[in-house]
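K.L.:
Provide a 3D model corresponding to the input given below.
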Amino acid sequence: MSAILHEPRALRVNGKAANLDALHLEAAPQPEPVAPPGHAVVRVAAAAVNPSDVKAALGLMPQAVWPRTPGRDFAGTVVSGPSEWIGREVYGSGGDVGITRDGSHARYLVLPEAALRAKPQGISMDEAGAVGVPFVTAYEGFRRSGMPQAGQTVLVLGANGKVGQAAVQLAAQAGARVIAVQRGPGPFAGFASAPVDVVDARHHADLGAQVRELTDGRGAHLVYNTVGSAYFEAANKTMAKGATQIFIATHDRAVPFDIFAFYRGMHTYVGIDSLAMDCVASTAQLDAMREGFERGTLKPFPVARHFALDEAIDAYRLVLSGSTDRVVLRP
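P.N.:
Numbers count the residues shown, from 1 in each chain. As a prediction, this is how the structure comes out:
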């Protein structure tokens, strides 16, 4: 079913649900909001469905408020607010949007003026509405680690995931050598503006030795571990002297930790929680990447499918099933 411009509506969730079958998503009427002072109203054209959106709708995010409209990422057009922004196309994301404030799975989204950032030219609304969470998470990890530099080696673990793909792009754009670790054959599946060395983790039991071999024994300067515990021990063995490892997720919360190797290696660990970055901070990160999207050194993810609000539960189910497709709602 294609989206039809009927009366404005917003998805509403009213409480926790044990699973998707029990989740009630109501597409409720949404009158066009009036922008409070210092704010703007965006008419949403496309909004990604992220795994965190679905988990938050089910009640798995403890900071989430009820009732609310889900959705963290968005692209659209400013329809009210500061005069210099009206009619301009914007894009963004936020750890507060759709979690502690009404989100983007709606026709209209109210944002602070400081969260307005111009959508990159040359990419579609669907694409702009689907870059937020993965690229903001990847960028923030690198920002807090000094950013990749030409001449460095960046190792991305879980490079087939969306944050992993974004991390590969950002590191390649910076001129670093990139080693992408994925569980699958063939070349790196995502885009990169420079060649990427690929390691199929299924065929390399000793990942540390493989990375050392690829780097003439030096190891990686930055290790972006998008998976967490499954790669923790192996990742530590890939780290060069003074290297940094970045974490965004994990399966097991407790892991064996070699303190001796940690301090002798002069290593640093950086933890990233994208939910702690509100829409002002998140859109500032996206704005820092806008030039890369416009010149083509960064590429948005292909959007495989789009859904109307009436089909939102199907989109949520697809994302929660572990689908690698990037999907958006067109409210």
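K.L.:
hey, where'd the strands end up in the stretch 151-300 of the chain?
P.N.:
Assigned by DSSP state E, counting those that start in this stretch, the stretch 151-300 of the chain shows strands spanning 153-157, 177-182, 196-200, 220-225, 239-247, 268-271.
K.L.:
among the ones you listed, which is nearest residue 15?
P.N.:
For the strands of the stretch 151-300 of the chain, proximity to residue 15 was assessed by C-beta to C-beta; strand 268-271 is nearest, at 30.2 Å. (Glycine included, C-beta is placed from N, CA and C.)
K.L.:
for residue 140, helix, strand, or coil?
P.N.:
helix (DSSP: H, G, I helix; E, B strand; the rest coil).
K.L.:
which residues sit in contact with the closest residue to it other than its chain neighbours?
P.N.:
Excluding the flanking residues, the one nearest residue 140 by C-beta to C-beta, 6 or more residues apart in numbering is residue 272, at 5.4 Å. The neighbourhood of residue 272, defined by C-beta atoms under 8 Å, 6 or more residues apart in numbering, consists of 137, 140, 141, 144, 246, 247, 248.
K.L.:
Please identify, among those residues, the one with the most neighbours.
P.N.:
Counting neighbours by other C-beta atoms under 10 Å, residue 137 leads the contacts of residue 272 with 28 neighbours.
K.L.:
Which strands or helices does the host helix or strand of that one pack on?
P.N.:
Residue 137 is part of helix 132-143 when elements are defined by DSSP states H and E. Contacts defined by 3 or more C-beta pairs under 8 Å, 6 or more residues apart in numbering; DSSP states H and E place helix 132-143 against helix 162-173, strand 220-225, helix 279-295.
K.L.:
taking those together, which one is wrapped up most tightly?
P.N.:
Compared across the helices and strands packed on helix 132-143, strand 220-225 shows the largest average neighbour count, a mean of 29 (mean count of other C-beta atoms under 10 Å).
K.L.:
Can you tell me what sits against that strand?
P.N.:
Contacts of strand 220-225 (C-beta under 8 Å, 6+ apart): 138, 141-142, 145, 148, 152-158, 164, 167, 171, 176, 179, 211, 231-232, 235, 238-240, 242-248.
K.L.:
For residue 36, give me the pLDDT.
P.N.:
Looking at residue 36, its pLDDT reads 96.
K.L.:
That one: which element?
P.N.:
Residue 36 belongs to no helix or strand, assigned by DSSP H and E.
K.L.:
same question, the one 10 residues further on
P.N.:
Under the criterion DSSP H and E, the helix or strand holding residue 46 is strand 39-48.
K.L.:
Could I get the buried residue list for that strand?
P.N.:
Neighbour counts over strand 39-48 (16 or more other C-beta atoms under 10 Å) mark 39, 40, 41, 42, 43, 44, 45, 46, 47, 48 as buried.
K.L.:
what about residue 127, which SS state?
P.N.:
Per three-state DSSP, the secondary structure class of residue 127 is helix.
K.L.:
Contacts only, for it.
P.N.:
Residue 127 sits next to 75, 300, 301, 302, 303 when contact means C-beta under 8 Å, 6+ apart.
K.L.:
which one in this protein is furthest away from the centre?
P.N.:
Most distant from the centre of the chain: residue 260, at 33.7 Å, with distances by C-alpha atoms, centre = their mean.
K.L.:
what sits against the spatially most central residue of the chain?
P.N.:
Centroid-nearest residue in the chain, with C-alpha atoms, centre = their mean: residue 134, separated by 1.6 Å. Applying C-beta under 8 Å, 6+ apart, we find residue 134 in contact with 162, 163, 165, 166, 301.
K.L.:
Most widely separated two among these?
P.N.:
Across the contacts of residue 134, the two lying at the largest distance from each other (C-beta to C-beta) are 163 and 301, at 11.1 Å.
K.L.:
Now do residue 205 against residue 93, distance only.
P.N.:
Distance, residue 205 to residue 93, by C-beta to C-beta, to the nearest Å: 37 Å.
K.L.:
repeat for residue 197
P.N.:
30 Å.
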